[in-house]
Every structure is written in C-alpha cells, then in structure tokens.
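In: okay, predicted coordinates and the sequence, questions at the end:
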2 protein chains.
Amino acid sequence: MDDFLTLLVRTHKLLQAASDEAMNRHGVRIGQNLILEALWEADGLTPGEVAARARLPITTPTIVNTATRMEAAGLLTRRRDPNDGRLVRLYLTDRARAARQPIQEARRRLEDHATATLTDEERDHLRTALTKIIQRLDADQADSNRG
Amino acid sequence: MDDFLTLLVRTHKLLQAASDEAMNRHGVRIGQNLILEALWEADGLTPGEVAARARLPITTPTIVNTATRMEAAGLLTRRRDPNDGRLVRLYLTDRARAARQPIQEARRRLEDHATATLTDEERDHLRTALTKIIQRLDADQADSNRG
DNA sequence: AGAAGATCGTTAGCTTGCTAATGAGACCGT
DNA sequence: ACGGTCTCATTAGCAAGCTAACGATCTTCT
C-alpha cells in the first residue's frame, strides 16, 4: 500500500509525460504552456505580468528562460516597450496562435482519457480533495511569508 | 473553476516544496529520497538496482548524478564490486543511516498535515481516484511500448 | 537637477529529471 | 583464445524549475 505522497508524484509524472507528448505533436513543450495560455488571453504581456497572471505560480526567471527557447522555436518575439525602457513585451507569432485550438483540445482529451475509469462522483471527490489540500498548504505558505 | 490537470500540478508543486523543506532540515534534498529509501532497505545496491527497486520509476543516469551529489555531501560512498568490474555498489554513511527515522517521520507528518482537513472517507476516495488514473496511464504506456 | 531608491529583465548557478551516446568489462561461441 | 555481443556505469546535452545577484531604467525627494 503506497502512501499518498507517492501516489501523487506518480500521477503527476505520468500526466506530465503524456501532456508533453501531446503538445510535442504541435511543436510545443510542456513548460511553454503557461506562457502560451497567458499570451493567448492577452498578447504583449511582460515576463513579470505573465508570471503574475499564470494559472500556476511560476517565477519570472523561468518565464524569461522559457521565452528565450520559444523565441528560438519561432513561437514568440520580444519587443521593448516604447514608454518604459525597463519593460520587454512578448508577442506570439502566427504559429503560436494557430496552435491554440489543437493544444487546448489535446489537453482536454488527455484529462478525459486519464479520468475515464472514474465515476462522475469520483471525479468530484478528487477535485474536492485536491482543492482542500491546496488550501491547506497555501495557508502554511502565507503564514511563513508573514514570518 | 480550474481543470484537474492544474489542480494536480499545483498540489504536486506545493507538496514537493514542503517535502524538500522538511528534508533540508536533515541535510537531505528531495531528489535524494528515492535512493535513500532503496539503500535503507538494502545497502550496497548498484545504480541499476536502485533504479529497478525504487518506489517510483526513475532512470539510471538520474541515480548516478544524484549519487554523485550525495557522495559530495557525505551521504554515501561508491565501491567497485570485486567480482564484476562493471558494477559499482553504493553504501550509505552513518550520517545517512541516522537520518532515516527523522526523515520518514517528517514525511509522514507532512502527509498527515496536508490531508488534515479531509475526512477519512475523502482520503480513501482520493487514493482510489489516483490509483485508477495511474492504472489507466500505465496501461497506455505498456501499449505504446509494445508498439 | 541630481542623488537615492524602487522596479524591471536578465544572468549565474543550482537541482532534478530525461534520452542518447560512450566506454569499460564480462560472457559466449567457435 | 579471442571476436563479437551484451551489460553495466558514466558522460553529454537538454528542459524546466528555483533563488540570488546584476545592471539598466524610472521615479521620487530634496
């Protein structure tokens, strides 16, 4: 009988691998997804804005490094903000915009596939449990940040 | 309302961070845990054996690289097998053996803490759901490995 | 106006994971 | 006995994440 930590890490690893494989077929790596999602919603954000608006906590240096790889892959371009020389704005290329539908579709299908053997009730329970754990651990972090 | 993939990645990230912090207090990093667990059970395994017996799938190069860091940190020593020159055996130091109880205890406490706001029933549901997902995705992998 | 401070992106350097390529050693068949 | 093959650990090189340090630019205060 495995402990919960192990089950969760195992699930995460399998899902990340499957996500990466699915996205690869559209010329995108798993680590680029958060940036794509943010820029699909609002093109021309700065790295700091992407980090702040991403659906998951991510640091600015990670955005910058990933953006560099995406630039090399022809997925986005960097342009200096004309009004504030400190800022750099990230703009998606046509290729990155075209990948939106297929990638979102692929991720939705993966999620459905992974949870296909669960009942609706089990899916609900799963979301509830994960949400509770996140709230609990987030609260700890807030505490430690307050010192 | 977040999708399941996001909830799971978020949970994983928080738990990994908390695990790493807990283990740091005993001079061990999160990535070293799988090797420690394997060698606590059976000291003197080879990198390949550690990879095969670890509680989670992990590749041999990852074992080798992590073992190098652990050697530098004084957690283990490498010794060539006298009967087979290809093999390298990994032996824990006293320090690594002494860390066993506190680390296992810390991980157990973390797991209890993270799931403290769940009912027993919710915990059961969670394990069931994760197990089902793992089985599902493992089956896919087996398929693709068969070609 | 000019210095001090705040706010950016970036770089440096680390850990953890992967796949593919290397090289040393054991084994097997002739 | 020795050439080919198989089996190991290791190395090389990449992606993705982090914290800390750096350097450029804005802002603010006197």
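Out: All right, it came through fine.
In: return the residues in contact with the spatially most central residue of chain A.
Out: Nearest to the mean C-alpha position of chain A, by CA atoms, centre = their mean, lies A:L34 at 3.3 Å. Going by CB atoms under 8 Å, 6 or more residues apart in numbering or on different chains, A:L34 touches A:50, A:54-56, A:58. Every residue, glycine included, has its C-beta placed from N, CA and C.
In: 10 Å instead, please
Out: A:50-51, A:53-58, A:62-63, A:66, B:6, B:9 (CB atoms under 10 Å, 6 or more residues apart in numbering or on different chains).
In: one more: A:R109?
Out: A:A22.
In: ok so, going back, taking the contacts of A:L34 one by one, which sit in helices?
Out: A:50-51, A:53, A:62-63, A:66, B:6, B:9 (DSSP state H).
In: report the entries of the contacts of A:L34 that also contact DNA strand C.
Out: Taking CB under 7 Å from any atom of the strand as the test, DNA strand C is in contact with none of the contacts of A:L34.
In: list the residues that contact A:R80.
Out: With CB under 10 Å, 6+ apart, A:R80 has these contacts: A:86-89.
In: the lowest-mean-pLDDT helix or strand in chain A close to chain B?
Out: Least confident helix or strand of chain A, by mean pLDDT, DSSP states H and E, is helix A:120-146 with a mean of 89. Yes. Residues of helix A:120-146 contacting chain B under CB under 10 Å from any CB of the partner chain: A:121-141, A:144.
In: ChimeraX command for the buried members of these?
Out: A single ChimeraX command selects the buried members of the residues of helix A:120-146 next to chain B (16 or more other CB atoms under 10 Å in any protein chain shown):
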select /A:122,125,126,127,129,130,132,133,134,136,137
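In: from the residues of helix A:120-146 next to chain B, which are also near DNA strand C?
Out: Okay, of the residues of helix A:120-146 next to chain B, nothing touches DNA strand C (CB under 7 Å from any atom of the strand).
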